[in-house]
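A.B. asks: Any chance you could fold what I've pasted below:
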Amino acid sequence: MKIYLDVCCLCRPFDDQLVPRIRYESEAVIAILNRCSRDWELVWSSVITYEVSKIIDHQKKNHLTSTAAKTTTNILVDRSIKERAAFFMGWGVKAVDALHVACAENAGATVFLTTDDTLKNIMCLHSDTISIRVVNPAAWYEGVTGNESEDSA
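C.D. replies: Take a look at the predicted model:
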């Protein structure tokens with residue numbers, strides 16, 4: 001199973017864990033990354049690398065850089081990805097988000113995970129036009145594992 005997490009997902013464990021939604025999503029992201037180190041495949045892209053390069057927090061940046069080192073699939077943005085992203089932008093999707101989704105599609109990812117409700121909602125409105133599911137990480141992980149503990153998933 002190929003999983004693409006956008007940067008808001010990858011950074012979720014560094015957000016304010018006192019907020020219940022953030023904590024729940026963080027736990028899901030951590031569990032997903034753990035599964036990616038065992039039996040799922042984490043997809044990376046040059047778009048993720050670009051966004052990570054802009055992060056000022058050294059701890060967060062180092063963690064994400066070490067995560068990147070463990071990936072085997074790294075999608076580079078090319079003309080076809082840019083054209084697909086431009087199509088998504090026509091729906092009101094921000095440029096970087098559109099590139100993420102286009103990279104995930106290009107990689108043949110099983111799912112694109114995001115904590116960005118606006119992006120998720122726009123893409124869900126057009127689910128018949130895209131080749132990938134765009135889902136919140138907590139909802140997706142719960143659905144895939146049947147809400148089992150991470151160790152038994």
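
A.B. asks: low-confidence ranges in the protein?
C.D. replies: Residue ranges of the chain with pLDDT under 70: 147-153.

A.B. asks: Please, where are all the helices along it?
C.D. replies: Secondary structure of the chain (DSSP state H): helices located at 7-10, 20-36, 46-53, 58-69, 79-89, 95-107, 117-125, 137-145.

A.B. asks: which secondary structure elements does the first one contact?
C.D. replies: Using 3 or more Cβ pairs under 8 Å, 6 or more residues apart in numbering; DSSP states H and E as the contact definition, the elements that helix 7-10 packs against are helix 20-36, helix 46-53, helix 58-69. The way it works is simple: take the backbone N, C-alpha and C, and place the C-beta from them, glycine included.

A.B. asks: Contacts for that helix, please.
C.D. replies: 25, 29, 48, 51-52, 64, 67, 100, 113-116, 137 (Cβ atoms under 8 Å, 6 or more residues apart in numbering).

A.B. asks: Go through those residues and name the one nearest Ile122.
C.D. replies: Nearest to Ile122 out of the contacts of helix 7-10 is Asp116 (Cβ to Cβ; 9.4 Å).

A.B. asks: In stretch 8-28, which residues are buried?
C.D. replies: 8-13, 15, 22-28 (16 or more other Cβ atoms under 10 Å).

A.B. asks: Kindly report the same for stretch 125-135.
C.D. replies: Neighbour-count burial for stretch 125-135, counted by 16+ other Cβ under 10 Å, picks out Ile130, Ile132, Arg133, Val134, Val135.

A.B. asks: Ok, stretch 71-89 next?
C.D. replies: Buried residues in stretch 71-89 (16+ other Cβ under 10 Å): Ile75, Val77, Ile81, Arg84, Ala85, Phe87, Phe88.

A.B. asks: Thought Gly108 was touching Ile75, still the case?
C.D. replies: No. Applying Cβ atoms under 8 Å as the test, Ile75 and Gly108 come out as separate, 9.8 Å apart.
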